[in-house]
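>>> here is the input, now give the coordinates:
(one chain, ligands or ions: 2)
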Amino acid sequence: MATTLAAPTLHRNVAEFLSKPRKMLVNGKWVDSVSGKTFETYNPATGEVLATVAEGDRADIEQAVKAARRAFESGKWPEMSPSKRGRLLWKLADLLEANLEEFAQLETLDNGKPLTIARVADVPLAIDMFRYMAGWATKVEGNTIPISSGGAKYFAYTLREPVGVVGQIIPWNFPLLMAAWKLAPALAVGCTVILKPAEQTPLTALRLGELAMEAGFPDGVFNVVPGFGETAGAALAAHPDVDKIAFTGSTEVGRLILQAAAGNLKKVSLELGGKSPNIIFPDADLSVAIPGSASGIFFNQGQCCCAGSRLFVHKSIFDEVVDGVAKVAKDFHVGPGFDAATNMGPLVSQEQLDRVCGYLDSGISEGAKAVVGGKKKSGAGYFVEPTVLVDTKPDMKVIKEEIFGPVVAAIPFSDPEEVLPTANNSIYGLAAAVWTRDIGKAHRTAAKLRAGTVWINCYNVFDAALPFGGYKQSGWGREMGHDALELYTETKAVCAQL
Ligand code: NAI
Ligand code: MG
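Ligands and ions are numbered 1, 2, ... in the order given. Okay, here's the model as predicted:
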């Protein structure tokens, strides 16, 4: 174990954290799994074991749900004053900030992403999310409702109440940030939570659990059960005493979550895949559109649900844009996230590397051409070359399916009217972008794109205040912003005859 700790700058808390098997957080205590089983998490830059983690399964989920139910029913969390709940969330954000470097390093080791990115994106955005939702804790309000029917006089109002015990299943692409997106709104409104991090990247969620205990969250409010999807995840999704399940991950597993939730008809929110169109009109400022589009696909090694993987470029500027994006790809320093020069790390796992390489092989064998990249990087670790494909056809798998890697298909268009139906021709509808200097065209295009987010002359701009989620098969519900409060509250109508 811990064979990958050679990096000279390794934070001493990280070395300490990785040196011991990590337990799970149930009812405020750090415990082994009921079965005693553990699993290993790997450093994607080397393929070596990084840490050993308690492997949760049905029995552990059972205990965590019981604890969360007790914490909810006892009222110690939902009935705590909103101000106090908000201050606890704010304190958690402060602790996260005080430990920023440690969290960034853990994230890089577990996920592979460049440390420079984890420091400026993943951890600060997670901190912001807790602070933003801390503010909402005191602002979840109902309405007073004028009543016309019944003849008598009535006083009626609505209450927004926490939905109850919430199961949250998150992926590995932004492990800490996805935990923050899920936990912060649920906790702010008074829900109690069981978080199941992805088996590839459980470490920052577990460390966050330690900070939550340090901040003073009551026992049972914040539980973290690491484990595999088919076991721990499935048990959580199916549990009859869980009131709501929130999931981010593949569309395929999203469907399984929905089926599992049918037993007790628990509330469901889903943030799933994407195949986002990124449209560059001929009047765009290419000095921003080219680097912006490159970052729109290559950020996080392309492992973003909103990655701009279908790049539609007007034919008059097609060669210039393709050359520009290809140059960005060529100039990437692909290497271990801990190297200072690295701006693209490895993919998260061998499985993900095989998936992405499978798509590259399929596209190229069907006649697509890789202008740059197109294969795995030789040597250890799960590295793939950033790739720009041209000469694709609409029915190719690389055009229809989510690749979730640094692979973009550049597609020329001639008629601005025709690009929109083509852009919308996807089972997904998570995000889209448009680049143009014409402000009217920008907003008209934004209105016509069937996507939960449209970026104009930018890409991958995220903010705790900006709702995020999908149309079509990209999901149900919106995370972040005040929309996220909807996911975790029920509306109660109270009507009194006066
Ligand atoms: P996945 O959907 O299998 O995993 C995401 C989470 O769901 C993990 O915590 C996993 O343990 C859990 N899970 C898996 N099976 C489950 C089940 N039957 N019941 C309950 N929970 C379950 O995603 P995976 O296999 O890691 O990646 C496959 C593809 O999914 C990627 O190539 C990508 O296309 C897509 N994906 C999309 C993400 C997004 O942000 N929308 C994030 C991760 C993956
Ligand atoms: Mg899976």
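
>>> isn't D57 up against G229?
No - judged on CB atoms under 8 Å, D57 makes no contact with G229 at a distance of 11.5 Å. From N, CA and C alone the C-beta is placed, and that goes for glycine too.

>>> flag every residue of the stretch 51-200 of the chain that's near ligand 1.
I169, I170, P171, W172, N173, K196, A198, E199 (CB under 6 Å from any ligand atom).

>>> what sits against the fifth one?
Looking back up the chat, that one is N173. N111, N300, Q303, C304, C305, V348, F404 (CB atoms under 8 Å, 6 or more residues apart in numbering).

>>> residues from the stretch 251-400 of the chain in reach of ligand 1?
V253, L256, I257, E271, L272, G273, C305, R355.

>>> tell me where the stretch 101-250 of the chain has strands.
144-145, 154-162, 165-169, 192-196, 222-224, 244-248 (DSSP state E, counting those that start in this stretch).

>>> next, the angle strand 192-196 makes with the third one.
This means strand 165-169. 20 degrees (axes from the mean of the first three to the mean of the last three CA atoms, to 10 degrees).

>>> list of residues touching strand 165-169?
65, 68-69, 72, 179, 182-183, 186, 191-196, 229, 233, 236-237, 239, 241-249, 257, 488.

>>> for the stretch 51-200 of the chain, just list every one of the helices.
58-73, 82-98, 100-111, 115-117, 123-136, 175-189 (DSSP state H, counting those that start in this stretch).

>>> returning to that earlier point: need the strands of the stretch 101-250 of the chain in CSV (columns: mean neighbour count).
As requested, the strands of the stretch 101-250 of the chain are exported to CSV (neighbours: other CB atoms under 10 Å):
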stretch, mean neighbour count
strand 144-145, 10
strand 154-162, 16
strand 165-169, 28
strand 192-196, 29
strand 222-224, 29
strand 244-248, 26
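
>>> want to try CSV for the ones you listed, with distance to G47 and mean pLDDT as columns?
Converted to CSV, the strands of the stretch 101-250 of the chain look like this (distance: least, CB to CB, whole Å; pLDDT from 0 to 100):
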stretch, distance to G47, mean pLDDT
strand 144-145, 60, 98
strand 154-162, 43, 98
strand 165-169, 26, 99
strand 192-196, 24, 99
strand 222-224, 26, 98
strand 244-248, 25, 98
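
>>> and T445, which of those is closest to it?
T445 lies closest to strand 244-248 among the strands of the stretch 101-250 of the chain, at 27.3 Å (CB to CB).

>>> which other helices and strands contact the next helix-or-strand element following the closest one?
Using DSSP states H and E, the helix or strand that follows strand 244-248 towards the C-terminus is helix 251-261. On a contact count with 3 or more CB pairs under 8 Å, 6 or more residues apart in numbering; DSSP states H and E, helix 251-261 meets helix 234-238, strand 244-248, strand 267-271.

>>> correct me if wrong: D483 contacts P467.
Yes - applying CB under 8 Å, one finds D483 in contact with P467, separated by 4.0 Å.

>>> thinking again about what came up before, dump the helices and strands packed on helix 251-261 to CSV, plus distance to E16.
Listed next are the helices and strands packed on helix 251-261 as CSV, based on distance: least, CB to CB, whole Å:
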stretch, distance to E16
helix 234-238, 30
strand 244-248, 30
strand 267-271, 33
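
>>> nearest to N343, out of those?
Judging the helices and strands packed on helix 251-261 by CB to CB, what sits closest to N343 is strand 244-248, at 25.1 Å.

>>> the closest one close to ligand 1?
Yes - interface with ligand 1: strand 244-248 contributes T248 (CB under 6 Å from any ligand atom).

>>> tell me which residues are up against that strand.
So strand 244-248 is in contact with 163-171, 178, 181-182, 186, 191, 236-237, 253-254, 257, 260-261, 266-272, 305, 487-488, going by CB under 8 Å, 6+ apart.

>>> sorry, back to before: rebuild the strands of the stretch 101-250 of the chain as TSV, extending it with distance to M344.
Shown next, in TSV, are the strands of the stretch 101-250 of the chain (distance: least, CB to CB, whole Å):
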stretch	distance to M344
strand 144-145	54
strand 154-162	41
strand 165-169	27
strand 192-196	28
strand 222-224	30
strand 244-248	23
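
>>> ok and the residue in the stretch 51-200 of the chain nearest ligand 1?
P171 (3.2 Å; CB to the nearest ligand atom).

>>> actually the stretch 351-498 of the chain, not the one I wrote
For the stretch 351-498 of the chain, CB to the nearest ligand atom, closest residue to ligand 1: F404, 3.6 Å.

>>> quick one: that residue is in a strand?
No - read with DSSP: H, G, I helix; E, B strand; the rest coil, F404 is coil and lies in no strand.

>>> nearest residue to it in space, please, no chain neighbours.
Excluding its sequence neighbours, the residue lying closest to F404 (CB to CB, 6 or more residues apart in numbering) is Q303, at 5.4 Å.

>>> list the contacts for the one you found?
Q303 touches N173, L347, V348, Q352, F404, G405, counting by CB under 8 Å, 6+ apart.

>>> ok, A235 next?
D57, R58, I61, E62.

>>> farthest-apart pair in these, please.
Longest span within the contacts of A235, CB to CB: D57 and E62, 9.3 Å.

>>> of these two, who's got more company?
D57 (19 against 16; other CB atoms under 10 Å).

>>> how far away is the residue nearest to that one when sequence neighbours are not counted from K23?
Excluding its sequence neighbours, the residue lying closest to D57 (CB to CB, 6+ apart) is T231, at 4.6 Å. The gap separating T231 from K23 is 17 Å, by CB to CB, to the nearest Å.

>>> where does this protein have low pLDDT?
Residue ranges of the chain with pLDDT under 70: 1-8.

>>> so who does the most centrally placed residue in it touch?
For the chain, M178 is the residue whose C-alpha lies nearest the centre (CA atoms, centre = their mean; 4.3 Å). Applying CB under 8 Å, 6+ apart to M178 gives the contacts I170, P171, T248.

>>> same check, this time on G190
W77, P78, E79, M80, P82, R85, E161, P162.

>>> buried set for stretch 113-131?
113-119, 121-131 (16 or more other CB atoms under 10 Å).

>>> ugh, wrong one, I meant stretch 319-337
V321, V322, G324, V325, A326, V328, A329, F332, V334, G335, P336, G337.

>>> widest-spaced pair of those?
V321 and P336 (30.4 Å).

>>> name the element N13 belongs to?
Applying DSSP H and E, one finds N13 within helix 12-19.

>>> distance from the chain centre to the helix or strand that that helix is followed by, please.
Sequence-wise, the next helix or strand downstream of helix 12-19 (DSSP H and E) is strand 24-26. Strand 24-26 has its average C-alpha position 22 Å from the chain's average C-alpha position, going by CA atoms, centre = their mean, to the nearest Å.

>>> helices or strands next to strand 24-26 in the packing?
Strand 24-26 packs on strand 29-31, helix 58-73, helix 203-215, strand 222-224, going by 3+ CB pairs under 8 Å, 6+ apart.

>>> now with 10 Å?
Contacts defined by 3 or more CB pairs under 10 Å, 6 or more residues apart in numbering; DSSP states H and E place strand 24-26 against strand 29-31, strand 48-54, helix 58-73, strand 192-196, helix 203-215, strand 222-224.
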